[in-house]
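K.L.:
next input, structure requested:
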Amino acid sequence: MDGLNQSPAEPPTKANAVAAHAAQLRAQLLQHGHSYYVLDAPTIPDVEYDRLFRQLQALEQAHPALCTPDSPTQRVGGKAVDAFASVMHRVPMLSIQTETDISEQGARLFDARVRKQLQCSDADPSLEYVAELKFDGLAISLRYTGHVLVQAATRGDGAWGEDVTHNIRTIGQIPLRLPATAPADLEVRGEIYMRRDDFEALNERQRQKIASGAKNEKTFVNPRNAAAGAVRQLDPQMAAQRPLSFFAYALHFHPAPEVILSPIEATLYGLNKFVSHDQVLHSLKSWGFPVSAQAKTVHGADGLVAYHQAIADLRDQLPFDIDGVVYKVNQIERQALLGMVSREPRWAVAHKFPAHEEITTVLAIDVQVGRTGKLTPVAKLAPVFVGGVTVTNATLHNEDEARRKDVRVGDTVVVRRAGDVIPEVVSVIVEKRLHESSLFTMPTHCPACNSLAVREEGEADYRCSGGLFCSAQQKQAILHFAHRRAVEVEDLGEKIVDQLVDAGLVKTLPDLYKLGFSHLAALDRMAEKSANNLLASVEKSKQTTLPKFLFGLGIRHVGEATAKALAHHFGGMDAIMDASLEQLLQVADVGPVVAQSLRTFFDQAHNREVVEQLRACGVAWSESAPKGRLDLPLTGQTYVITGTLPNLSREQAQALLEQAGAKVAGSVSKKTTALVAGEAAGSKLEKAQSLGIPVLDEAALLQLLEPRP
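P.N.:
Here you go, the predicted structure:
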């Protein structure tokens, strides 16, 4: 081989063997790459692919002449370019007509125009269409010569585009070499796009860079902008870091490189190779190009309408963005007969969906309080039609997001709505900011009840601390209080709570105990028996335990185990409400976050008032003298219960251990003090024995818990 770098003493047979080995590696890697990127069905582990790749890379470094344009090693990006060269499209890359009527009528209008121009009756079943997705990406032209990708160009103005070959080579889904079954010379057209999950991952990496202090970094507005920016990177190594994907949807043939064809001439030139557009798509797929699985051949206006509706329903479930569908007359001969008008083909049309993104103005920024007390800043917008509905509100998520996007009252913003997703402000068009304005700041108090708004360390959200008093949290507070593991009010479900609150019968927890039969009987679908059952359940719930009552208050971070620990340590409700941070921290399993949450809750006068009103309504529990953690015999010890005990249930055994100050865990570890084991103990017993942890039966447990003199 003339260009092969070899020492004079290296025999030709060895050079041939090296070249053959490189060719074999290229073929293997291209096939495995196609399986991974296009078919999404890897045939070998990543580590094996990397091993083959490094072998080829080493061969090409030792013998530069073996490095061909179609080599998989060329995907990683070469040197940066100073600027993009201009490329004349042999067949102009023209856009297709957009149907302005986004209803189903748009499909029927297109079908009627086509039939009229072809003089084809409405009853003629031979007229076929291929319906495809309209990708929200960047159109690209790929030129292959001798089966090898030699040039990739953007649409540009349709006649001239930019040469972005160095970046397009980095996209794994685009074949660098075509199989022998494909024509040697052709041009493939398609769409460069970015999947939504890849876009989110990219933005997360950008946010981490920004947080670490990196300069000149930013997050991207949407997948299309991110994809377009990657394609136009001057440095292909930077482009390779942005995950791009590709779909092919058209091709052209050229009789000679110097010949420039009009779109209609290109269509006619392809007649001797294909008879239909769906045949084109099938061939593209067979040559290794990714083709959308949603492309479908349909008949007549009804077929187009059904496709439009089906894709509209599927739109938000797709892993990438689309903004509509495209209809194309399937028979290529009929495409040629229909021809062009105003530099647009008569045989195709884009039928759009309602836009997911629109531009509007921020009129105000309010703060809403959710059912769980979360405070969310919401932009009040000048009404705008987006995603099929008129939008007047859009979430800003939290204070950090609002500040990161720098959303201010009066700003012109991009708003996005996809399906049932809550509309959000995507970005601010800062150039249109007309006056000085202030950064958004979260309020210090809940806008619904004026309780303190708290943002705990390490969290993004502010929360209202007035859970029992806050009107925005009424329903959630009642449902939690009535839960079976809390105070337990049987027969009080979500629908009844909705009715009680909406009717104004229950505003706070004490109102539950003031309900009468006449109140309940007035509710929709509330029969006499149901009303009496609910009243009986409310009455029964008055007798509870201190841990259940404390858990039922819904204090943030206070679960069942913590409620039990607090009750056992302090003995009474007043002692818990009055405990200082230092005293709370003496309780087992109470750390700084839980202690502060308790203090914040009971520092709100209205929360303490609710507790007193519940007592006045007859809600009662037994209390005991304060026990301090050092007074309990098993304080600081951890037990695990497994199997079936002869007399005690697990719950009873757990309660006895916790009353003695012990913690009861669900799994055995080196920190376990002892395992309480009954019949059919299983794997926990085996692990305890392997770790040398003592094992107690029920008798030994009861002996351990006996009062000591």
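
K.L.:
gap between the helix ranked longest in the chain and the chain center?
P.N.:
If you go by DSSP state H, the chain has its longest helix at helix 12-37. How far helix 12-37 lies from its chain's middle: 39 Å, per C-alpha atoms, centre = their mean, to the nearest Å.

K.L.:
try stretch 429-438
P.N.:
Relative to its chain's centre, stretch 429-438 lies at 31 Å (C-alpha atoms, centre = their mean).

K.L.:
give me the mean pLDDT for that stretch.
P.N.:
Average pLDDT, stretch 429-438: 81.

K.L.:
what does it rub up against?
P.N.:
Residues outside stretch 429-438 that contact it (C-beta atoms under 8 Å, 6 or more residues apart in numbering) are 359, 406, 408-414. C-beta coordinates here come from the backbone N, C-alpha and C atoms, glycine included.

K.L.:
inside helices: which ones of these?
P.N.:
Per DSSP H, these never map to helices.

K.L.:
any chance of those residues in CSV, with distance to residue 21 and neighbour count too?
P.N.:
Output for these, formatted as CSV (distance: C-beta to C-beta, whole Å; neighbours: other C-beta atoms under 10 Å):
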residue, distance to residue 21, neighbour count
359, 57, 13
406, 57, 14
408, 63, 20
409, 67, 15
410, 66, 14
411, 61, 22
412, 60, 16
413, 58, 26
414, 53, 19
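
K.L.:
and which of those residues is nearest residue 273?
P.N.:
Using C-beta to C-beta, the shortest approach to residue 273 within the contacts of stretch 429-438 belongs to residue 414, at 43.9 Å.

K.L.:
you'd agree residue 219 is up against residue 203?
P.N.:
Yes: between residue 219 and residue 203 a contact is recorded at 4.7 Å, counting by C-beta atoms under 8 Å.

K.L.:
packing partners for the longest helix of the chain?
P.N.:
Applying 3 or more C-beta pairs under 8 Å, 6 or more residues apart in numbering; DSSP states H and E, one finds that helix 12-37 makes contact with helix 46-62.

K.L.:
pick out the residue nearest the middle of this structure.
P.N.:
residue 197 (6.9 Å; C-alpha atoms, centre = their mean).

K.L.:
identify the residue nearest that one in space, chain neighbours excluded?
P.N.:
residue 319 (6.5 Å; C-beta to C-beta, 6 or more residues apart in numbering).

K.L.:
which residues touch the one you found?
P.N.:
195-197.

K.L.:
the helix or strand containing residue 190 pairs with which strands?
P.N.:
If you go by DSSP states H and E, residue 190 is part of strand 186-193. As defined by DSSP bridges, the strand partners of strand 186-193 come to strand 138-145 (antiparallel), strand 245-252 (antiparallel).

K.L.:
ok, and residue 425, which helix or strand is that part of?
P.N.:
Element membership of residue 425, judged by DSSP H and E, is strand 424-428.

K.L.:
next SSE after that strand?
P.N.:
Next along the chain after strand 424-428, taking DSSP H and E as the criterion, comes strand 453-454.

K.L.:
in the sheet, which strands lie alongside that next one, parallel or antiparallel?
P.N.:
Here, using DSSP bridges, strand 453-454 pairs with strand 462-464 (antiparallel).

K.L.:
which helices and strands sit right next to the next helix or strand along the chain from the strand it pairs with?
P.N.:
Scanning forward in sequence from strand 462-464 by DSSP H and E, the next helix or strand is helix 474-481. Counting contacts by 3+ C-beta pairs under 8 Å, 6+ apart, helix 474-481 is packed against helix 494-502.

K.L.:
how about the helix it packs on: buried residues?
P.N.:
Neighbour-count burial for helix 494-502, counted by 16 or more other C-beta atoms under 10 Å, picks out 496-497, 499-501.
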